[in-house]
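J.: Take this sequence and fold it.
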Amino acid sequence: MISFLAKRIMQAVAVVLATASMVFFAVFIIGDPAQLLYSQNASAAEVEAARRYLGLDLPLYQQYFNFMGGLLHGDLGRSFVYGKPALGVILQRLPATLELAFASVVLAVVVGLPLGLYCGLNPRTIRSRLIMAVSALGVSLPTFWIGIIIMLAFAVNLRLLPTGGRGNTLTVLGVPWSFLTIDGLRHLLLPAASLALWQASLILRLTRAGTEEVLRQDYVRFARAKGIAPGRILWVHVLKNVLAPVVTMVGLSLGGTIAFSIVTESIFSWPGAGKLLIDSIYAFDRPIVVAYLMLAVTIFVLINTFVDLIYAAIDPRVTLGAADSGS
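T.: You can find the predicted model right below:
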């Protein structure tokens, strides 16, 4: 366990440093933020003063070393637009993104896992084939299109749910949460469903394939021959073996949803970190963009490590070393 965690920490540091370097130089060549922070009527002296204030007048290598030095101390710079530490601005928006991501993953598991088990246990019924056809559409359709369609259907035409925003929130330990209020839940449902459809379809198809494979195994046939109740076979022998790949998929989906729920947040005006990233790209707010990508990489590494630990707990045959090499 200790060696596994130590190896993961070393990998995480290497990945973050490499990503930081690539992101810094990629963002640097886009343009000069000082020219965008002032109107076109600003004088050259005002623009140059802004460049000096932001440290953009320094040579590229010096800006890079200043950035990496700040990164090692947890300082990712100050936002050009908000005038505050970039990481702090992102962390203020992060709870909304975390809430949306976890809501979509929970919804996807609640829908996809039971339907996948049903289709795996009853593969030849008309209902199973219909469910699999719908899941094929869920995997194929782009998320932004799904978001627009369900907004038009349930918010614009039927007027059952709000079109956007986060609604009323309840603050717990200084953090506002939407799911704790009825109005917040109504605002959360559509964007969460938009993100959950693709994930639920993948979970459904993965669970169905795993169930059919496990049912063909000798130990399941032996359990049936011994007269063990079908419910016990399902929960003890089938579900436990099916869950391992599903957990891996859910972990990766959660990381991707937290880091890149940008389109959905923009469509539904959800005030999360993804929408902040889009606004910062338009404004050339370089510290926000870099800090967001650094945070996304860190989240991916942490979730991947956590998934490996759960994988080993579910399947005792898998050691942490093997899980690490397979991820």
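J.: Now do the end-to-end distance for stretch 120-130.
T.: Terminal residues of stretch 120-130 are spaced 13 Å apart (Cα to Cα, to the nearest Å).
J.: and that stretch, how far out from the chain's middle?
T.: Distance of stretch 120-130 from the chain centroid (Cα atoms, centre = their mean, to the nearest Å) equals 31 Å.
J.: Report the buried residues of it.
T.: Of the residues in stretch 120-130, Gly120, Leu121, Ser128 count as buried by neighbour count, 16 or more other Cβ atoms under 10 Å. Using the backbone N, CA and C atoms, a C-beta is placed for each residue, glycine as well.
J.: Phe102: which of the residues you listed is nearest?
T.: Closest approach to Phe102 among those (Cβ to Cβ): Gly120, at 26.2 Å.
J.: In a helix, the closest one, correct?
T.: Yes - according to DSSP: H, G, I helix; E, B strand; the rest coil, Gly120 belongs to a helix.
J.: Contacts only, for the closest residue to it other than its chain neighbours.
T.: Nearest residue to Gly120, sequence neighbours excluded (Cβ to Cβ, 6 or more residues apart in numbering): Thr211, at 2.6 Å. Taking Cβ atoms under 8 Å, 6 or more residues apart in numbering, we find Thr211 in contact with Gly116, Leu117, Cys119, Gly120, Leu121, Val238, Val242.
J.: Distance-wise, check the first one relative to His237.
T.: Read it as Gly116. Going from Gly116 to His237 by Cβ to Cβ, to the nearest Å gives 16 Å.
J.: Looking at those two, which is more packed in?
T.: Between Gly116 and His237, Gly116 has the larger neighbour count (other Cβ atoms under 10 Å), namely 27 against 19.
J.: Verify the stated contact: the more buried one with Leu206.
T.: Yes - Gly116 is within contact range of Leu206, at 6.9 Å (criterion: Cβ atoms under 8 Å).
J.: how about the contacts of Thr211, which pair is most distant?
T.: So, these by Cβ to Cβ: farthest apart are Cys119 and Val238, at 13.0 Å.
J.: which SS state does the residue positioned nearest the centre of the chain fall under?
T.: Residue closest to the average C-alpha location in the chain (Cα atoms, centre = their mean): Thr257, at 2.1 Å. Of the three states, Thr257 takes helix under three-state DSSP.
J.: Ignoring the adjacent residues along the chain, who's closest to it?
T.: Ala101 is the one closest to Thr257 (Cβ to Cβ, 6+ apart), at 4.1 Å.
J.: Lowest mean pLDDT among the helices and strands, pick that one out for the chain.
T.: Lowest by mean pLDDT, DSSP states H and E among the helices and strands of the chain is helix 320-326, with a mean of 51.
J.: What lies in contact with the helix or strand Lys275 falls within?
T.: Assigned by DSSP states H and E, Lys275 falls within helix 273-282. Helix 273-282 has contacts (Cβ under 8 Å, 6+ apart) with 79, 81, 89-90, 93-94, 96-97, 260-266, 269, 285, 288-289, 292, 295.
J.: Quick check: next helix or strand after the helix or strand where Ala45 lies?
T.: In the assignment (DSSP H and E), Ala45 maps to helix 44-54. Counting by DSSP H and E, the next helix or strand C-terminal to helix 44-54 is helix 60-72.
J.: And the helices in the stretch 151-300 of the chain?
T.: For the stretch 151-300 of the chain, the helices defined by DSSP state H, counting those that start in this stretch cover 182-215, 218-225, 230-232, 239-260, 262-267, 273-282, 286-314.
J.: Now render those as a markdown table, adding mean pLDDT and distance to Glu46.
T.: A markdown table is the format used below for these (pLDDT from 0 to 100; distance: least, Cβ to Cβ, whole Å):
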| stretch | mean pLDDT | distance to Glu46 |
| --- | --- | --- |
| helix 182-215 | 91 | 41 |
| helix 218-225 | 82 | 75 |
| helix 230-232 | 79 | 74 |
| helix 239-260 | 81 | 36 |
| helix 262-267 | 88 | 32 |
| helix 273-282 | 85 | 21 |
| helix 286-314 | 80 | 19 |
